[in-house]
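Colleague: pasting the sequence and the predicted coordinates here, then a few questions.
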Protein chains: 2
Amino acid sequence: MGRAGLSAAKLTEAAAEMADDVGFEQVTVSALARRFGVKDASLYSHVKNLRDLRVRIALLGGEEMTDRIATEVAGRAGKDALVAFANAYRRYALDHPGRYAATQMRFTPEEVAAAADSAGMRRSIELTYGMLRAYGLTEPDLTDAGRLLRATFHGYVHLEFSGGFNHPREIEESWARSLDALHVLLENWPRHDRKNG
Amino acid sequence: MGRAGLSAAKLTEAAAEMADDVGFEQVTVSALARRFGVKDASLYSHVKNLRDLRVRIALLGGEEMTDRIATEVAGRAGKDALVAFANAYRRYALDHPGRYAATQMRFTPEEVAAAADSAGMRRSIELTYGMLRAYGLTEPDLTDAGRLLRATFHGYVHLEFSGGFNHPREIEESWARSLDALHVLLENWPRHDRKNG
DNA sequence: GGCTGATTCCTAGAGCCTCTAGGGATTGGA
DNA sequence: TCCAATCCCTAGAGGCTCTAGGAATCAGCC
């Protein structure tokens, strides 16, 4: 009988699809092996262990998400860019809940350091900063506002996922109004006072 | 030999401590049984299954967190209340990472419905709304702003936990400035236009 | 084609986990 | 004292991760 033709990349892609289908926490080495008609021990030649597999899903998700956001934000500035960024972020999470959940894992310092080197991470930061510069922000406000935005986007999506919103119908409108509010916030950002660190 | 004197409440409390110690995902029926010097099968008379145990941790954490926030916010209004609320929220999460992680589980609709009946949930909503009313907000802005705040607080804590911040030393300052910004945001909230739902 | 080395996938098995079924021990109350 | 409820146990099925070592298959080379 022929081989399944496995590779780390193929496994990661399949695992990501599996995560979107059945939930990130349900992604398991043995279930993935089953999907390829192969024994679970076979996967350990391609992937170090379960955690390694999950981190790979996270990196894949991060890259894809950054790609989407980048194409949506391209050529926009100000509120246009903010809304495009936020919507691309949220839509990716809704389209790929498993991959998105992977990106929200708790990483070890080593994993963070490794990921920080990746192109995706840097591009993602570039995108955010570019957007914020259009609001006239400079460091350290750039960092602070960036953190606040990332936190808010993630928090909103997370709440939406975890059923924290009681009236699902109004989510779209709530989200739109939150973006209005964030735009106002960025325009009125309480600037850092140089004299009074 | 005597009995261990187990009960659902005792198990939940011990499981919560365990979650804070070793991480929410490491909380396991057999590990918990070991802690009580008892066989794992014994716990299943008190707790339905692992998920049940985890949901109990979440409810306990939610109650405790609401208590803390309530006492901190009591007697304050405006920015004072906002800062007290936010700091109590964040501090609880940092003090009890396992319990906090539990509150951020993905719940089934039934679990959400059950939790929505609990006193803690209602009190938590009351607290938020009371705070926002002091900013002169009314529905539906109350709902939208409340969602945005909850999302932001959670997102910030989550980012902090997951190592999303590269410069740990500046987190405190970033957080303080984000609270300033949120205060400004609430004062300049783009009010709902009744004519144009 | 035949050889060779690397890679792929396998079997076997240890160890840990969840959860069920059913039975003996311990308790508090009648 | 005795009964019923409750607690905790043993036994066991089944799933998961991961290691060790062996057999099959592939690619490239003569």
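Modeller: All right, it came through fine. Small disclaimer: the values here were computed from a predicted structure and weren't measured.

Colleague: point to the helix or strand of chain A where mean pLDDT is at its lowest.
Modeller: When the helices and strands of chain A are scored by mean pLDDT, DSSP states H and E, helix A:109-117 comes last with a mean of 76.

Colleague: and it, what does it pack against?
Modeller: With contacts defined as 3 or more Cβ pairs under 8 Å, 6 or more residues apart in numbering or on different chains; DSSP states H and E, helix A:109-117 has these neighbours: helix A:50-73. Yep, even glycine has a C-beta here, placed from its N, CA and C like the rest.

Colleague: ok, then the element right after the helix it packs on?
Modeller: helix A:78-95 (DSSP states H and E).

Colleague: may I see the buried residues of that following helix?
Modeller: A:79, A:81-90, A:92-93 (16 or more other Cβ atoms under 10 Å in any protein chain shown).

Colleague: quick check: mean pLDDT of it?
Modeller: On average, the pLDDT along helix A:78-95 is 97.

Colleague: give me the contact list for the helix or strand following that helix.
Modeller: Next along the chain after helix A:78-95, taking DSSP H and E as the criterion, comes helix A:97-103. Contacts of helix A:97-103 with the rest of the structure, by Cβ atoms under 8 Å, 6 or more residues apart in numbering or on different chains, involve A:16-25, A:27, A:54, A:57-58, A:60-62, A:64-65, A:92-93, A:157, A:161.

Colleague: taking these, please make a ChimeraX selection of just the buried ones.
Modeller: This is the ChimeraX syntax for the buried subset of those, where burial follows 16+ other Cβ under 10 Å:
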select /A:16,17,18,19,20,24,27,54,57,58,60,61,62,64,65,92,93,157,161
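
Colleague: from the contacts of helix A:97-103, which are also near chain B?
Modeller: Restricting the contacts of helix A:97-103 to those within reach of chain B (Cβ under 8 Å from any Cβ of the partner chain) leaves A:Gly23, A:Phe161.

Colleague: who are the packing partners of the next helix or strand along the chain from the least confident helix or strand of chain A?
Modeller: For helix A:109-117, the following helix or strand on the C-terminal side (DSSP H and E) is helix A:119-133. Helices and strands touching helix A:119-133, by 3+ Cβ pairs under 8 Å, 6+ apart, are helix A:50-73, helix A:78-95, helix A:141-161.

Colleague: quick one: mean pLDDT for helix A:119-133?
Modeller: The predicted model assigns helix A:119-133 a mean pLDDT of 89.

Colleague: distance from it to the middle of the chain?
Modeller: 13 Å (Cα atoms, centre = their mean, to the nearest Å).

Colleague: still on that earlier bit, closest one to DNA strand D among the helices and strands packed on helix A:119-133?
Modeller: Nearest to DNA strand D among the helices and strands packed on helix A:119-133 is helix A:50-73 (3.4 Å), distances taken as Cβ to the nearest atom of the strand.

Colleague: where does pLDDT dip in chain A?
Modeller: Along chain A, the model assigns pLDDT under 70 to residues A:1-3, A:163-169, A:194-197.

Colleague: which parts of it sit against DNA strand C?
Modeller: A:Arg3, A:Ala4, A:Gly5, A:Leu6, A:Ser7, A:Gly37, A:Val38, A:Lys39, A:Ala41, A:Ser42, A:Ser45, A:His46 (Cβ under 7 Å from any atom of the strand).

Colleague: residues contacting the residue nearest to A:Ser30 when sequence neighbours are not counted?
Modeller: Excluding the flanking residues, the one nearest A:Ser30 by Cβ to Cβ, 6 or more residues apart in numbering or on different chains is A:Asp40, at 4.2 Å. Residues near A:Asp40 by Cβ under 8 Å, 6+ apart: A:Val29, A:Ser30, A:Leu32, A:Ala33, A:Arg34.

Colleague: could you dump the buried residues of helix A:78-95 into TSV and include distance to A:Ala145?
Modeller: Formatted as TSV, those follow (distance: Cβ to Cβ, whole Å):
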residue	distance to A:Ala145
A:Lys79	14
A:Ala81	13
A:Leu82	11
A:Val83	16
A:Ala84	17
A:Phe85	13
A:Ala86	14
A:Asn87	19
A:Ala88	18
A:Tyr89	15
A:Arg90	19
A:Tyr92	21
A:Ala93	21
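
Colleague: what is the nearest of those to A:Asp144?
Modeller: A:Leu82 (16.0 Å; Cβ to Cβ).

Colleague: OK, contacts around that closest one?
Modeller: A:Leu82 is in contact with A:Met131, A:Leu179, A:Leu182, A:His183, A:Leu186, counting by Cβ under 8 Å, 6+ apart.

Colleague: repeat that with 6 Å
Modeller: The neighbours of A:Leu82, taking Cβ atoms under 6 Å, 6 or more residues apart in numbering or on different chains as the test, are A:His183.

Colleague: what distance do you get for it to DNA strand C?
Modeller: In this view, A:Leu82 and DNA strand C are 43 Å apart by Cβ to the nearest atom of the strand, to the nearest Å.

Colleague: for that residue, give its distance to A:Ala176.
Modeller: As for A:Leu82, its distance to A:Ala176 is 12 Å (criterion: Cβ to Cβ, to the nearest Å).

Colleague: hmm, A:Ala84 and A:Val73 touching each other?
Modeller: Yes. A:Val73 is in contact with A:Ala84 according to Cβ atoms under 6 Å; the separation is 5.1 Å.

Colleague: figure out the helix or strand that the closest residue to A:Gly98 other than its chain neighbours lives in.
Modeller: Once flanking residues are discounted, A:Gly98 sits nearest to A:Ala19: 2.5 Å by Cβ to Cβ, 6+ apart. Using DSSP H and E, A:Ala19 falls within helix A:8-22.

Colleague: distance between that helix and the chain's centre?
Modeller: Distance, centroid of helix A:8-22 to centroid of chain: 16 Å (Cα atoms, centre = their mean).

Colleague: what sits up against the helix or strand that that helix is followed by?
Modeller: The helix or strand immediately downstream of helix A:8-22 is helix A:29-35, counting by DSSP H and E. With contacts defined as Cβ under 6 Å, 6+ apart, helix A:29-35 is touched by A:Ala14, A:Ala15, A:Asp40, A:Leu43, A:Leu50.
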